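S.K.: Sharing a sequence plus its predicted fold:
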Amino acid sequence: MERATAAVVLAAGAGTRMRSARPKPLQLLCGRPLTAYVLEALALPEISATVVVIGHQAAWVEKELSADLAAQRAVVFAYQGEQLGTGHAVAVAREALSEVVGDDGDVVIVPGDTPLLEGPTIRALLAAHASSAAALTLLTVELDDPAGYGRVERARTGQPARIVEEADATAAQRAIREVNSGVLVVRASVLWPALRRIGRANAQGEYYLTDLVGVLHEGGHETAAVLLEDAEQVAGVNDRRQLAAAEAVVRRRILEGWLSRGVDIWDPATTHVDATVLLEPDAAILPGTVLRGRTRVGAGARVGPHAHLRDVVVGARARVGTVEARNVRIAPGARVDSFQVLEPGSSVEADGSA
């Protein structure tokens with residue numbers, strides 16, 4: 001009989017390195033909150049429900065993630081009042097998780113700041129865990145420069161024996177290239193007793209979830225790891241530079257998706273399309289164009305160059321030049337020449353009148 005699986009997303013931190021009034025889980029990537037991409041990756045049939053652990057500006061985070069399209073499924077929020085580390089964050093989710101998986105299920109744990117993680121990767125991790133006798137299975141990557149990541153120490157048997165955070169690592173441990181991605185799946189029956197054995201004797205004075213590996217290994221439980229070749233997927237987003245790098249990847253994925261569905265994008269390097277935008281086949285997006293919000297571009301329409309549209313509906317076969325517009329409806333077959341001024345809330349008819 002297959003074990004039930006639930007997910008925990010860790011999204012309680014303040015994200016102080018962002019230097020932003022907006023909490024880190026809600027930092028925008030191509031028009032959507034950062035953590036919404038994590039929720040989308042977890043929207044798999046194998047996962048019964050998802051618990052999002054929130055803390056810093058919790059009400060704001062819950063409201064925006066609940067409103068996002070990716071969160072229209074079984075998502076529950078758990079509040080971590082005092083941020084005492086990732087191990088403590090998972091413990092906060094116990095009550096909500098127990099209602100879903102009980103003590104016989106599995107729990108997949110994912111950082112809320114890994115927006116590039118993809119569903120097939122999580123599915124492969126769950127499959128590897130289910131087919132083994134492991135109590136815990138890690139998702140790991142090998143990096144040429146592992147600075148900043150927890151190193152994975154393996155036992156002579158090849159099983160992961162412990163994860164050592166960089167701040168607590170020796171010089172020899174820092175030379176290890178296999179690192180923890182932050183993503184793991186663990187049996188609920190061993191998770192809760194093991195969390196109670198995790199202490200705070202480390203450089204940060206926190207309950208590290210990563211100590212779970214050592215606790216289980218020392219307790220005689222089998223541990224396993226799945227090595228992910230695409231390290232880009234588990235790149236964390238902690239500051240503005242990492243946010244910009246992640247946005248570049250998301251933008252590339254969005255444009256590749258539209259190209260595969262018959263949209264003509266003349267110069268992907270200079271084109272920005274939010275994740276919330278819809279394009280129809282045979283639409284043409286010219287260089288330098290930015291499409292944001294709930295913009296819709298109909299079949300056969302042409303937009304740009306250097307158009308900047310937000311929440312604009314462009315009808316089929318319409319022509320829109322170098323225009324900046326917000327909350328405008330452009331009728332099918334209409335023509336909007338470059339540098340026209342379109343007032344928010346206005347409409348452009350097929351004869352060009354506004």
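M.R.: Noted; the coordinates are in hand. Residues are numbered from 1 along each chain as shown.

S.K.: Can you tell me what sits against the helix or strand of the chain with the lowest mean pLDDT?
M.R.: Counting by mean pLDDT, DSSP states H and E, the weakest-scoring helix or strand in the chain turns out to be helix 94-101, with a mean of 81. Outside helix 94-101, the residues that touch it by CB atoms under 8 Å, 6 or more residues apart in numbering are 3-6, 8, 48-49, 51, 76, 78, 107, 188, 192. Quick note: C-beta positions are derived from backbone N, CA and C, even for glycine.

S.K.: centre of the chain versus it, how much separation?
M.R.: Taking CA atoms, centre = their mean, to the nearest Å, one finds helix 94-101 lying 23 Å from the centre of the chain it belongs to.

S.K.: what's the answer for stretch 14-23, then?
M.R.: 17 Å.

S.K.: same deal with stretch 68-87?
M.R.: Taking mean C-alpha positions (CA atoms, centre = their mean), stretch 68-87 and its chain are 13 Å apart.

S.K.: Next, the buried residues of it.
M.R.: The neighbour-count check on stretch 68-87 (16 or more other CB atoms under 10 Å) flags 68, 70, 71, 75, 77, 78, 80, 84, 85, 86, 87 as buried.

S.K.: Turn these into TSV, including secondary structure.
M.R.: Shown next, in TSV, are those (DSSP: H, G, I helix; E, B strand; the rest coil):
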residue	secondary structure
68	coil
70	helix
71	helix
75	strand
77	strand
78	strand
80	coil
84	coil
85	coil
86	helix
87	helix
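
S.K.: and of the residues you listed, the nearest to residue 326?
M.R.: Nearest to residue 326 among these: residue 68, at 21.0 Å, using CB to CB.

S.K.: my guess is the closest one contacts residue 34, does it?
M.R.: No. Residue 68 is not in contact with residue 34 according to CB atoms under 8 Å; the separation is 10.6 Å.

S.K.: longest helix in the protein, by residue count?
M.R.: helix 240-260 (DSSP state H).

S.K.: ok, and what's touching the helix or strand just after it?
M.R.: As assigned by DSSP states H and E, the chain's next helix or strand after helix 240-260 is strand 264-265. Applying CB under 8 Å, 6+ apart, the contact partners of strand 264-265 are 255, 258, 259, 271, 282, 283, 284, 285.

S.K.: do you know how far the last one is from residue 350?
M.R.: The one in question is residue 285. 21 Å (CB to CB, to the nearest Å).

S.K.: out of the two, which sits in the busier spot?
M.R.: Using other CB atoms under 10 Å, the more surrounded residue of residue 285 and residue 350 is residue 285, with 28 against 14.

S.K.: residue ranges for the helices of the chain, please.
M.R.: Under DSSP H, the chain gives helices at 34-41, 58-67, 86-92, 94-101, 119-130, 171-174, 188-195, 211-218, 240-260.

S.K.: closest to residue 343 out of the ones you listed?
M.R.: That would be helix 58-67 among those, by CB to CB, at 27.5 Å.

S.K.: now the angle between helix 34-41 and that closest one, please.
M.R.: 40 degrees (axes from the mean of the first three to the mean of the last three CA atoms, to 10 degrees).

S.K.: Nearest spatial neighbour of residue 60, chain-adjacent residues omitted?
M.R.: Using CB to CB, 6 or more residues apart in numbering and skipping residues adjacent in sequence, the residue nearest residue 60 is residue 23, 6.3 Å away.

S.K.: Which positions within stretch 168-187 qualify as buried?
M.R.: Under 16+ other CB under 10 Å, the buried positions of stretch 168-187 are 169, 173, 176, 178-187.

S.K.: Can you spell out which residues form a bridge with the spatially closest residue to residue 152 that is not a sequence neighbour?
M.R.: In space, not counting the residues next to it along the chain, residue 152 is nearest to residue 178; the distance is 4.5 Å by CB to CB, 6+ apart. On the basis of DSSP bridges, residue 178 is bridged to residue 142.
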